[in-house]
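Student: Prediction below, plus the sequence it came from.
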Amino acid sequence: MSDDVQLQSILGDAGKAGVYHLPQTDKEELLSAAKAAGLIGFRVDLTQAGDKGQMLAAIAKALQFPDWFGHSFDALADCLADMGWQPAEGYLVLLEHCDGIHGKAEEDFVATLRIFEQAADDWREEGIPFWCLVEMQSDGIAWLPTES
C-alpha cells in the first residue's frame, strides 16, 4: 500500500481519530489525503497567538466559524460539536506553530486540546472522523497511528 493510500485509509478511520502530534509529513500531502478520504481540512496558524483570545480567534477564522461564535471555550466546544456550516464526511484540523502559545498560555492551550479531544470522541460515536494534529515539540501528545 502506498504512503498516500495508507494515510488516506488512516484519516478515514473514525475509530482512531483524535488529537495527535502532526507527523513529519508534508502538510499539503496530508491535506490531499484527507480530501481524498472525504474530509475537509483546515490549517490554523497559531504563530501570532499569545493568549486565549488570539488563539480562539485564529481557530474561528481558520474553521470559518459562524458569526455567533462567542470566543469562549464553551463556544469552541459548541462549534466543534456541530460543524453544520461545513458538512463533510470528516474533519482534519492542523494546529500549526503551537510551541509559542503553549509556552505563553499553557493552561488555555491544554484546555483547547481537551475540547478538540472531546469533539473527536463525540464525532467518533457518529462514525465521523475528526482529527486534530498539533505541530509542537512538547511531549504528552500521542503520534498519529501509522496503520489503519
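Tutor: In hand now; what should we look at?

Student: max-length helix in the protein?
Tutor: helix 106-125 (DSSP state H).

Student: Now the element after that helix, going C-ward?
Tutor: Moving toward the C-terminus from helix 106-125, the next helix or strand (DSSP states H and E) is strand 130-134.

Student: Can you give the strand pairings for that following strand, parallel or anti for each?
Tutor: Partner strands for strand 130-134, per DSSP bridges, with pairing direction: strand 19-21 (parallel), strand 90-96 (parallel).

Student: what's next to that strand, contact-wise?
Tutor: The contact list for strand 130-134 (Cβ atoms under 8 Å, 6 or more residues apart in numbering) reads 11, 14, 17-23, 30, 34, 39, 80, 90-95, 98, 113, 116-117, 119-120, 122-124, 141, 144. C-betas here are computed from N, CA, C, even on glycine.

Student: next one: stretch 39-50
Tutor: By Cβ under 8 Å, 6+ apart, stretch 39-50 touches 11-12, 27, 30-31, 34-35, 54-55, 57-59, 62-63, 86, 88-98, 100-101, 104-105, 129, 131.

Student: CA atoms only for that stretch - export them in PDB, please.
Tutor: This file holds the C-alpha atoms of stretch 39-50, laid out as PDB (Å, rounded to 0.1, in the frame of the first residue of the first chain):
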ATOM      1  CA  LEU A  39     -12.600  15.100   4.900                       C
ATOM      2  CA  ILE A  40     -12.400  18.900   5.000                       C
ATOM      3  CA  GLY A  41      -9.000  20.100   6.100                       C
ATOM      4  CA  PHE A  42      -8.300  23.300   8.000                       C
ATOM      5  CA  ARG A  43      -4.900  24.900   8.800                       C
ATOM      6  CA  VAL A  44      -4.800  27.000  11.900                       C
ATOM      7  CA  ASP A  45      -1.600  29.100  12.200                       C
ATOM      8  CA  LEU A  46      -1.000  29.900  15.900                       C
ATOM      9  CA  THR A  47       2.300  31.800  15.300                       C
ATOM     10  CA  GLN A  48       0.800  35.100  16.400                       C
ATOM     11  CA  ALA A  49      -1.400  33.800  19.200                       C
ATOM     12  CA  GLY A  50      -0.100  35.000  22.500                       C
END
